[in-house]
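> Could you work out the structure for the sequence below:
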Amino acid sequence: MMDDNNHIHDHNCDHDHCDHGHTEEGLDSIVLTLEDDTELECGVLGIFEVPEEDRDYIALVSMEDEQVLLYRYLEDQEDPEVFSLESIETDEEFDNVAGIFHELFIGEEDGQSESES
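Modelled structure (predicted):
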């Protein structure tokens, strides 16, 4: 189960308990607590909506091996700085989320490299 106490703050946060960081690439970073209680530092690529699923998702990149991770993103109704993550449960949901992720994040990079050539 994911740690429900992860926070994303902007660069000007002034919380004493603020344990987020920023990667060398300038991404906000969070630490995931995995089911086996190991911790994995990840950079936040972005939060995006998938209309077919009527949910928000978060794209993370592992700082260890640069693997992209996709999770359901659930923002606390009372405090938008508090959120939780849930695993994507079905192949169909994953395919929908991965497709939107590719359009938003990978497609942009492809378009930039073509226009720069």
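> just the strands in this protein please.
21-22, 28-33, 39-50, 55-62, 68-75, 83-86 (DSSP state E).
> Now for the residue lying closest to Ala98 once chain neighbours are set aside, how many residues are close by?
Residue nearest to Ala98 in three dimensions, not counting chain neighbours: Leu70, with 6.6 Å by C-beta to C-beta, 6 or more residues apart in numbering. C-beta here means a position set from N, CA and C on the backbone, and glycine is covered the same way. When neighbours are counted by other C-beta atoms under 10 Å, Leu70 registers 21.
> got the contact list for Leu70?
For Leu70, the contacting residues are Tyr57, Ile58, Ala59, Leu60, Ile88, Phe94, Val97, Ala98, Phe101, by C-beta atoms under 8 Å, 6 or more residues apart in numbering.
> Which secondary structure element of this protein has the lowest mean pLDDT?
For the chain, using mean pLDDT, DSSP states H and E, the weakest element among its helices and strands is strand 21-22, scoring a mean of 47.
> No further questions, thank you.
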